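Q: Mind looking at a prediction? Sequence and model below.
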Amino acid sequence: MQIKYKSGLVVTMAVLIFGLMVTGCGKPKEMQQATPEVAVVVVRTERVTIITELPGRTSAYLVAEVRPQVSGIIKQRLFTEGSDVKAGEVLYQIDPAPYQAAYDNASASLARSEANLPPIRSKAERYKELVAIKAVSRQEYEDVSAALLQAEADIQYWKAMVESARINMGYTRITAPIAGRTGKSNVTVGALATANQGLAFTTIQQLDPIYVDATQSSANLLELKRNLASGKIKGDGPGQARVKLLLEDGTPYPLEGNLKFSDVTVDPSTGSFILRMVFPNQKYTLMPGMYVRALVQEGIIEQAILVPQQGVSRDPKGNPVALIVDADSKVQQRILTLGRAIGDKWNVSVGLKPGDRVIVEGIQKVRPGVPVKAVPFDAGKKDSQEAVKTADPPAKTGQPSAKPN
């Protein structure tokens, strides 16, 4: 029994010693730190269109305030508020009776003057012959000649009066000076209209096409001109005038516009100037006074280096930096010079070259000089994972589902 007990004890101790040896051999491997994994993007050059987003507001292409040019009582309103009208269409009718009477009076006076002219002219012609043979005095001839001139002047005067009366009678029919959409009517039938009054009867606005007035910083314009002069940005020729639009809710406007002109004066209070653009507006989607954002195409960078913004950080001095993985799979830091942001990426002017592997994920767990394992960055996979995280969790199994009554 003692021999068996001793032999069993020896076997147990041997097993324990072997286990300790195995555990001791494996412990250093567990203590060794694994190589960190980082996601990288490979830098490549690409052709990028420079688009500047500018705030702006819409304004009507043409605006006309309708006012009376003669005084009188409004007899009719011949349009519907908010409707489209054509140029020359009658909007209001002022009582024409007094102007018709003035026209008739001037016409009658003209006819009387024209009737008096032939006998005076005939008398002047006879006196001209008689004064030559001294049958009448020179004074009588001059009196008859003056009467002829007076009769002719009267005819011209009454012709002008007839024309003036005709114009005033025409002004009783208040017409649309432009084609467009009318606003509300500020007067009603029976109201007294006064010539050239301050209150407009209504306002007509031409909305197709429509203006968009955007503001741009003069500093940005100077930077653009410098880049164009240095060759960093190339002009896009006729296509440079193309403009797109984002509405107030962020949805894109389906039609493109054209850059009309830029103002020559900078506002001293804001340091900006106005860019005026024209957009088609057949469906009247755009209304005057709407806030919009204009996307103006300024030029093209032929070999731009774009890096995701999440791959760029700041050092303690505020300089933009990026971490790259070198040929030895070690982390290196690069100080960058950034241009403008294009979407969710930075345009890097200095600091990176094609082929560099920029770390965009895992920056927090690495530092310059440490070896890393680089894997390609998959933005689409990340977006899908985020969507899964934010989605509603599936219902637990075993719970009864709701049934419709």
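A: That came in fine, so what should we check first? Numbering: from 1, shown residues only.
Q: What helix or strand is the spatially closest residue to Q205 that is not a sequence neighbour located in?
A: Nearest non-adjacent residue to Q205, counting by Cβ to Cβ, 6 or more residues apart in numbering: A60, 3.8 Å away. In this view, the C-beta of every residue, glycine as well, is placed from N, C-alpha and C. Taking DSSP states H and E as the criterion, A60 maps to strand 45-66.
Q: Which strands or helices does that strand pack on?
A: strand 180-182, strand 202-217, strand 272-279, strand 291-308, strand 337-342 (3 or more Cβ pairs under 8 Å, 6 or more residues apart in numbering; DSSP states H and E).
Q: Return the distance of the last one from the chain's centre.
A: Going back to what we said before, that points to strand 337-342. Put simply, strand 337-342 sits 23 Å off its chain's centre (Cα atoms, centre = their mean, to the nearest Å).
Q: Following the chain onward from that strand, which element is next?
A: Downstream of strand 337-342, the next assigned helix or strand under DSSP H and E is strand 345-350.
Q: Now that next one: buried residues?
A: Across strand 345-350, burial judged by 16 or more other Cβ atoms under 10 Å covers 345-349.
Q: Pick out whichever of those residues sits closest to A153.
A: Set against A153, the nearest of the buried residues of strand 345-350 by Cβ to Cβ is N347 (79.7 Å).
Q: Which element, helix or strand, includes L148?
A: Short version, using DSSP H and E: L148 is in helix 138-171.
Q: Now do that helix: distance to the chain's middle.
A: 59 Å.
Q: wait, the residue nearest to Q205 sits on L207?
A: Yes: between A60 and L207 there is a contact under Cβ atoms under 8 Å: 6.0 Å.
Q: Find the residues that touch each one of these two.
A: When contacts are counted by Cβ atoms under 8 Å, 6 or more residues apart in numbering, A60 and L207 have 180, 288 as shared neighbours.
Q: Residues in contact with stretch 122-142: which ones?
A: 144-145, 147-148.
Q: Reformat the helices and strands packed on strand 45-66 into JSON lines and put mean neighbour count and mean pLDDT next to each item.
A: Putting those into JSON lines (neighbours: other Cβ atoms under 10 Å; pLDDT from 0 to 100) gives the following:
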{"stretch": "strand 180-182", "mean neighbour count": "21", "mean pLDDT": "94"}
{"stretch": "strand 202-217", "mean neighbour count": "20", "mean pLDDT": "92"}
{"stretch": "strand 272-279", "mean neighbour count": "19", "mean pLDDT": "87"}
{"stretch": "strand 291-308", "mean neighbour count": "19", "mean pLDDT": "86"}
{"stretch": "strand 337-342", "mean neighbour count": "15", "mean pLDDT": "84"}
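Q: between these, which gets nearest to G362?
A: Checking the helices and strands packed on strand 45-66 against G362 by Cβ to Cβ gives strand 291-308 as the closest, at 13.3 Å.
Q: okay, Y171: pLDDT?
A: pLDDT, Y171: 95.
Q: gap between it and G183?
A: Here Y171 is placed at a distance of 22 Å from G183 (Cβ to Cβ, to the nearest Å).
Q: which of the two has more neighbours?
A: Neighbours were counted for Y171 and for G183 using other Cβ atoms under 10 Å; Y171 has more, 18 against 15.
Q: From what I see, that one and R67 are in contact.
A: No: with contacts counted by Cβ under 8 Å, Y171 stays clear of R67, the gap being 10.7 Å.
Q: pull the longest helix from this protein.
A: When the chain is parsed with DSSP state H, its longest helix is helix 97-132.
Q: what about that helix, average pLDDT?
A: 93.
Q: That one: which residues count as buried?
A: Neighbour-count burial for helix 97-132, counted by 16+ other Cβ under 10 Å, picks out 98-99, 102-103, 106-107, 109-110, 113, 120, 124, 127, 131.
Q: quick one: pLDDT of the residue nearest to Q205?
A: 95.
Q: partner residues bridging it?
A: With DSSP bridges as the criterion, A60 is bridged to I210.
Q: contacting residues for it?
A: Contact analysis of A60 by Cβ under 8 Å, 6+ apart lists 180, 205-207, 210-211, 288.
Q: Leaving out chain neighbours, which residue sits closest to the most centrally placed residue in the chain?
A: Residue closest to the average C-alpha location in the chain (Cα atoms, centre = their mean): A294, at 3.6 Å. Nearest residue to A294 in three dimensions, chain neighbours excluded: A214, at 4.4 Å (Cβ to Cβ, 6+ apart).
Q: Would you agree that neighbour is in contact with T58?
A: No: A214 is beyond contact range of T58, at 10.2 Å (criterion: Cβ under 8 Å).
Q: before we move on, the earlier item: who touches the residue nearest to the centre of the chain in this structure?
A: A294 sits next to 53-56, 212, 214, 243-246, 257, 275, 277 when contact means Cβ under 8 Å, 6+ apart.
Q: Which strand residues bridge it?
A: With DSSP bridges as the criterion, the beta-bridge partners of A294 are L54, L245.
Q: That one and I51, how far apart?
A: Distance of A294 to I51, computed by Cβ to Cβ: 10 Å.
Q: repeat for V292
A: From V292 to I51 the distance is 15 Å (Cβ to Cβ).
Q: what comes into contact with stretch 159-171?
A: By Cβ under 8 Å, 6+ apart, the surrounding residues in contact with stretch 159-171 are 68-70, 94, 96, 99-100, 102-103, 105-107, 109-110.
Q: Out of those, which comes closest to E81?
A: Nearest to E81 among the contacts of stretch 159-171 is P68, at 17.8 Å by Cβ to Cβ.
Q: count of neighbours near that closest one?
A: Neighbours of P68 (other Cβ under 10 Å): 21.
Q: For it, give me the backbone phi and psi.
A: Dihedral pair for P68: phi -80, psi 150, per degrees, to the nearest 10.
Q: what's the answer for V42, then?
A: phi -90, psi 130.
Q: Which pLDDT value goes with it?
A: 92.
Q: Quick check: beta-bridge partners of it?
A: Per DSSP bridges, the residues bridged to V42 are R357.
Q: Surely it is in contact with R357?
A: Yes: applying Cβ under 8 Å as the test, V42 and R357 come out as touching, 5.7 Å apart.
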